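**Student:** here is the input, now give the coordinates:
(one chain, ligands or ions: 1)
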Amino acid sequence: MTEMNLDDSPYFTQLKAEKALFTIPKLEGNQLFYCTQCGNCTQAHFYKHVYSQSINMETGEGSELFEHFYVSQCCLADLAIMDNDTFKDIEIDPIHYLPVKDR
Ligand SMILES: [Zn+2]
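**Tutor:** Residues are numbered from 1 along each chain as shown. Down below sits the predicted model:
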């Protein structure tokens, strides 16, 4: 994730998230998601992040490597959780940033 080049690749131009949230933490009580980019309350958006595309010159077939993770619906940025009763940030369990197969 550190090798992203925001200027050269059309695939990354929209994405502002720096962390890949692979699973959604369960919201409890009055907790809600907000966007770390604009600060507004938002929904989790399941984003397809294409990090490699190639075309087989012999067959003309394209292939792409991608992963799915959750970002904010408004800005495609990192999600954070706030408790709407206390206005405190709720820490997201780090396990949600681990690819499911690595858990
Ligand atoms: Zn936003």
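**Student:** now residue 82. Nearest residue, chain neighbours left out?
**Tutor:** Leaving out its chain neighbours, the residue that sits closest to residue 82 by CB to CB, 6 or more residues apart in numbering is residue 34, at 5.3 Å. No exception for glycine: its C-beta is placed from N, CA and C like everyone else's.
**Student:** can I take it that that neighbour is in a strand?
**Tutor:** Yes - under DSSP: H, G, I helix; E, B strand; the rest coil, residue 34 falls within a strand.
**Student:** hmm, residue 73 and residue 42 touching each other?
**Tutor:** Yes - at 5.0 Å, residue 42 and residue 73 qualify as touching, with contact defined as CB atoms under 8 Å.
**Student:** which neighbours do the two have in common?
**Tutor:** Common contact partners of residue 42 and residue 73 (CB atoms under 8 Å, 6 or more residues apart in numbering): residue 35.
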